[in-house]
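> show me the folded form of this:
(chains A, B, C and D, ligands or ions: 4)
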There are 2 protein chains.
Amino acid sequence: MKYIEKLRKSGLRPTKQRLQICEVLFNREKTFHFTINELEQKIKNHTSSKISLATVYNTVHAFEKKGYLKQIPINSSETYFDTNVTDHHHFYDLKEEKLIDLENSDVGPINILKKLTEKRLNQLKFL
Amino acid sequence: MKYIEKLRKSGLRPTKQRLQICEVLFNREKTFHFTINELEQKIKNHTSSKISLATVYNTVHAFEKKGYLKQIPINSSETYFDTNVTDHHHFYDLKEEKLIDLENSDVGPINILKKLTEKRLNQLKFL
DNA sequence: TTAGCAGTTTATAATGATTCTAAAAAAGTG
DNA sequence: CACTTTTTTAGAATCATTATAAACTGCTAA
Ligand SMILES: [Mn+2]
Ligand SMILES: [Mn+2]
Ligand SMILES: [Zn+2]
Ligand SMILES: [Zn+2]
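Ligands and ions are numbered 1, 2, ... in the order given. Prediction:
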């Protein structure tokens, strides 16, 4: 499997559960935006063996810590995660009712016009 | 009081609790970014009479519905609200560890460089 | 002014996403 | 295999938020 080494390199043991979750998360063409419960459903469809909810949480947090997943700041009762860990922008497609990724290069520079000191500017993180 | 008419116009009865909460929320110079619990603390400091937590939630949601408050999309266990209901940007000041408002006019236009149909573009909402 | 309705407040319970716990299972090591 | 460390797991605990329903308040028609 292609994920075994990836996990080992990160100091994570390549368990059956983690490998299955890797398949669901990363073996796809496009970015995946998901909640824990959506992920759990996908896992159920993908495999016959059951993975406990606690493990799904544990694994997602472990992957987040290692930089393989990112949380998405959004107003929802459930936390959203993103397999696209680049620094990118989210747009909401009102018609299709889903999040769209646009890379920084797709959006062009954010120009702060307001007068702020150089020092101040550099300590700002665009949300 | 200056808030009585504002509430009446919105179809909200100007109760003692709502007026007190208005004072805390809106009688200030700068934008206020807050959680329900932070607001509760401010209310405690501001007034002698106690307002129940349920009322704080009710009022904040009523004000949000009427357009006097806005939720802020952010990753936190608590929901953040904003007294600045203009369509504006949030930056995080890493040094001061707090959210900064920059108005759209302070940031300049967001240029989507990626090729998308006009129709598609218009149904996108920048988050 | 007052009766009565509708809207509001309140304490408390319920909900639900997430985290914690601790015991069992699995993986790494030699 | 023997041993240690990490991981999984079911279930309990936590905590922000919402629901409930009874008491209270504001409004207004008569
Ligand atoms: Mn996390
Ligand atoms: Mn709300
Ligand atoms: Zn994304
Ligand atoms: Zn703001």
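> tell me which element A:A54 is part of?
Using DSSP states H and E, A:A54 sits within helix A:53-66.
> check contacts around A:D101.
Applying CB atoms under 8 Å, 6 or more residues apart in numbering or on different chains, we find A:D101 in contact with A:31, A:84, A:88-90. C-beta here means a position set from N, CA and C on the backbone, and glycine is covered the same way.
> which part of chain A gets nearest to DNA strand C, residue-wise?
With CB to the nearest atom of the strand, the shortest gap between chain A and DNA strand C falls at A:T79, namely 3.1 Å.
> now that residue, nearest residue through space, not along the chain?
A:Q71 (6.2 Å; CB to CB, 6 or more residues apart in numbering or on different chains).
> that neighbour belongs to a helix?
No. A:Q71 sits outside any helix when classified using DSSP: H, G, I helix; E, B strand; the rest coil, being strand.
> neighbours of it, just the number please.
Neighbour count of A:Q71, defined by other CB atoms under 10 Å in any protein chain shown: 13.
> that one contacts A:E78, doesn't it?
No. Applying CB atoms under 8 Å as the test, A:Q71 and A:E78 come out as separate, 11.2 Å apart.
> what do the two both touch?
Contacts common to A:Q71 and A:E78, judged by CB under 8 Å, 6+ apart, are absent.
> helix or strand with the lowest mean pLDDT in chain A?
Scoring the helices and strands of chain A by mean pLDDT, DSSP states H and E places helix A:118-122 at the bottom, with a mean of 60.
> chain A: strands as residue ranges?
For chain A, the strands defined by DSSP state E occupy A:33-35, A:70-72, A:80-82, A:88-93, A:98-103, A:124-126.
> circling back: right, is the helix holding A:A54 up against chain B?
No. For a cut-off given as CB under 8 Å from any CB of the partner chain, helix A:53-66 has no contacts with chain B; the smallest distance is 10.9 Å.
> I figured A:I74 hits B:I72, correct?
No. Using CB under 8 Å as the test, A:I74 is too far from B:I72 to be in contact (10.6 Å).
> break chain A into its domains for me.
A:2-82, A:88-126 (automatic domain parsing).
> how many neighbouring residues does A:P14 have?
16.
> could I get the contacting residues of it?
Contacts here follow CB under 8 Å, 6+ apart; on that basis A:P14 touches A:1, A:3-4, A:7-8.
> any idea which of these is closest to A:T59?
A:L7 (10.2 Å; CB to CB).
> my read: the closest one touches A:C22, true?
Yes. Here A:L7 lies in contact with A:C22, judged by CB under 8 Å, at a distance of 7.4 Å.
> near DNA strand D, anything from stretch A:14-31?
Yes. Interface with DNA strand D: stretch A:14-31 contributes A:15, A:17-18 (CB under 7 Å from any atom of the strand).
> return the distance of that stretch from the chain's centre.
Distance of stretch A:14-31 from the chain centroid (CA atoms, centre = their mean, to the nearest Å) equals 12 Å.
> for stretch A:84-98, same thing?
12 Å.
> would it count as contacting chain B?
Yes. Interface with chain B: stretch A:84-98 contributes A:89-96 (CB under 8 Å from any CB).
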